[in-house]
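> Pasting the sequence and the predicted coordinates here, then a few questions.
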Amino acid sequence: MMLVDRQDYKKKSKDELIDDIQDAFNEIDRLKRELRKYKNPNTPSSANPHLKPDIAPHSSKRRGAPKGHLGNTKKWFLDVEKIHITADECPGCHSKDIEVITTTTQQVEEIPAEIKPVVQEVIRDVNQCNKCKLKFVASDGTIPRQGRFGINLMVLTIMLRFIVRGVMRKTASFLDASFAVKLAPASVQAIISRAAQAGNAEYDILKMRIRASQRLHIDETSFSVLGQKWWVWIFRSDTDKLIVIRHSRGNNVLEEILGKNYSGIVHCDCWRAYDYLVNATLQRCWAHLLRKSAELTSVAGKHFHDKLTALFDETKAFNSKERTPQERQEKYDNMTAKLQKITKYYALYDDCKAVTKYINFHIESWFTCIKHENVEPTNNNAEQAIRETVIVRKIIGAFRSTHGVKTYETLASLIATWQSQQKDIRQELHRMLTTQLC
């Protein structure tokens, strides 16, 4: 759409002006569709920081480090190598007539200027048992039985790939520049694939723990695989995070991971696939609901959003204190009745009908967090857990093989779980690879 001077419109006929107005409306519609790709009810507010004000209005609280931030102050080490630096002359006049009047002390952490790999030629005995005639190759439990890459090198490569989010080419370049390890990107991929195979057993155990968990946060997001839209699913319990990547967003994925009779508590959005979990108790996500209602622009729509926000605040206030099961059941019934009354009223307004339908379709699942203790009203835990994969999607764009899909979901799940359990990732990788490969 071309913007023209006001004087130009005076020269146009009525039909030309109508065409210009229609073109303007078409352009506005196109821009709205484009905007909804980045700002919609399924997109968390954190994904659009540019839409937030720099400083919260009417707030005197300054931005700063979060609580518990350790800053840049490091502890003082006691048993260290001591280096005494002396001076021979004055840096100003170059006089040799100088004396020491006091000393200062600092601690410096350094790494060697050159860190080079150690190449070992491993000779293994091939043995035969004289009793059972079994032939076997000797192993020391530290060097992989096959391949040219040692455990420490494999751990470093995986850390660069998954913790630093390095792509194959840059990971290979960093290893060459920093450690004089010359690897082709294909070799980096081979290391990652071999590590994923070593993690298959722990990944299967992780699946079993997720299925046995009594409380789960579940979410899904799209990911391109070989040019087709696939879906990344996150299943998060209190201690575990399972990532699966499938060609489907349907309930068959839920059946595969949780089984047909899963009966725990599930935090989720209102995607219809979750209706498959008929034996589970669902908590629908209030964050999704409030993002939907916040988009209502009419007077009635704004009042509707305010009413829903008030219910959400009342829910949080109720859960902030210890409650008996009877109190929780009574409050659940009361809040559900309130929500039904509100949606019945605002369903009379055309622009509110979509949101009221969204609510009424799952009316029994909005206040599970009141009926059951320690249940959150939102699904933010799942959205936080899947955010790492969203960042990876932005970096690599797409998976270019189904083998890469399996590799990623295995190692990403194990690393995310170790992080959630506050374990040392390097030690866990070393343990897993040593156990499976050596």
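That came through, no problem. Numbers count the residues shown, from 1 in each chain.

> Identify the residue spatially nearest to residue 413, adjacent ones excluded.
The spatially closest residue to residue 413, leaving aside those adjacent along the chain, is residue 243, at 4.6 Å (CB to CB, 6 or more residues apart in numbering). All C-beta spots, glycine's among them, are computed from the backbone N, C-alpha and C.

> Count the residues that sit near that neighbour.
Other residues within reach of residue 243 by the criterion other CB atoms under 10 Å amount to 25.

> Assign it to helix, strand or coil.
Going by DSSP: H, G, I helix; E, B strand; the rest coil, the secondary structure assigned to residue 243 is strand.

> and it, bridged to which residues?
The residues paired with residue 243 through beta bridges, assigned by DSSP bridges, are residue 234.

> what's it in contact with, if anything?
The neighbourhood of residue 243, defined by CB atoms under 8 Å, 6 or more residues apart in numbering, consists of 232-234, 389, 408-409, 412-413, 416.

> Please narrow those to those residing in strands.
Among the contacts of residue 243, the members found in strands (DSSP state E) are 232-234.

> Just among those residues, which is most surrounded?
When the ones in strands among the contacts of residue 243 are compared by neighbour count (other CB under 10 Å), residue 234 ends up highest, at 26 neighbours.

> okay but it is in contact with residue 389, surely?
Yes - under the criterion of CB atoms under 8 Å, residue 234 is in contact with residue 389, at a separation of 7.5 Å.

> which intervals of the stretch 1-150 of the chain have sub-threshold pLDDT?
Scanning the stretch 1-150 of the chain for pLDDT under 70 picks out the ranges 1-10, 36-66, 68-72.

> Swap in 90 and give it another go.
Applying pLDDT under 90 to the predicted model, the residue ranges of the stretch 1-150 of the chain that meet it are 1-80, 108-118, 120, 139-141, 145-147.

> Now do the helices in it.
Taking DSSP state H, counting those that start in this stretch, the helices of the stretch 1-150 of the chain run over residues 6-10, 14-35.

> Could you dump the ones you listed into TSV with mean neighbour count added?
Listed next are the helices of the stretch 1-150 of the chain as TSV, based on neighbours: other CB atoms under 10 Å:
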stretch	mean neighbour count
helix 6-10	9
helix 14-35	11
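
> Save those helices as JSON lines, and put in distance to residue 359 too.
Written out in JSON lines, the entries for the helices of the stretch 1-150 of the chain read as follows (distance: least, CB to CB, whole Å):
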{"stretch": "helix 6-10", "distance to residue 359": "46"}
{"stretch": "helix 14-35", "distance to residue 359": "24"}
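
> ok, now how distant is the residue nearest to residue 413 from residue 384?
Look at residue 243 and residue 384: by CB to CB, to the nearest Å, they are 13 Å apart.

> got it, and residue 177?
34 Å.

> Compare neighbour counts for those two and give me the winner.
In this comparison of residue 177 against residue 384, neighbours counted by other CB under 10 Å, the higher total goes to residue 384 at 15 against 9.

> what helices or strands is the helix or strand harbouring that one leaning on?
Assigned by DSSP states H and E, residue 384 falls within helix 380-396. Other elements packing on helix 380-396 under the criterion 3 or more CB pairs under 8 Å, 6 or more residues apart in numbering; DSSP states H and E are strand 215-225, strand 228-236, strand 265-268, helix 402-420.

> same thing but at 6 Å, please
strand 215-225, strand 228-236 (3 or more CB pairs under 6 Å, 6 or more residues apart in numbering; DSSP states H and E).

> can I get the CA coordinates of the shortest one in CSV?
It refers to strand 228-236. Output in CSV follows, covering the C-alpha atoms of strand 228-236 (Å, rounded to 0.1, in the frame of the first residue of the first chain):
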residue,chain,number,x,y,z
GLN,A,228,7.9,-31.3,7.6
LYS,A,229,6.2,-30.1,10.7
TRP,A,230,7.0,-32.4,13.7
TRP,A,231,6.3,-31.8,17.3
VAL,A,232,8.5,-31.7,20.4
TRP,A,233,6.7,-32.9,23.5
ILE,A,234,8.0,-32.2,27.0
PHE,A,235,6.9,-34.3,30.0
ARG,A,236,8.1,-32.8,33.3
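
> Any idea how far it is from the middle of the chain?
Between the mean C-alpha point of strand 228-236 and the mean C-alpha point of its chain there is a distance of 12 Å (CA atoms, centre = their mean, to the nearest Å).

> State the mean pLDDT of that strand.
Averaged across strand 228-236, pLDDT comes to 96.

> Give me the contact list for that strand.
Here strand 228-236 makes contact (CB atoms under 6 Å, 6 or more residues apart in numbering) with 210, 216-223, 242-247, 249, 253, 381-382, 385-386, 389.

> now swap in stretch 376-388 and tell me
Counting contacts by CB under 6 Å, 6+ apart, the residues outside stretch 376-388 that touch it are 44, 217-219, 221, 234, 236, 241, 267, 285-287, 315, 369.

> With stretch 153-160 instead?
Contacts for stretch 153-160 (CB under 6 Å, 6+ apart): 166, 171, 188, 191, 195, 426, 429-430, 433.
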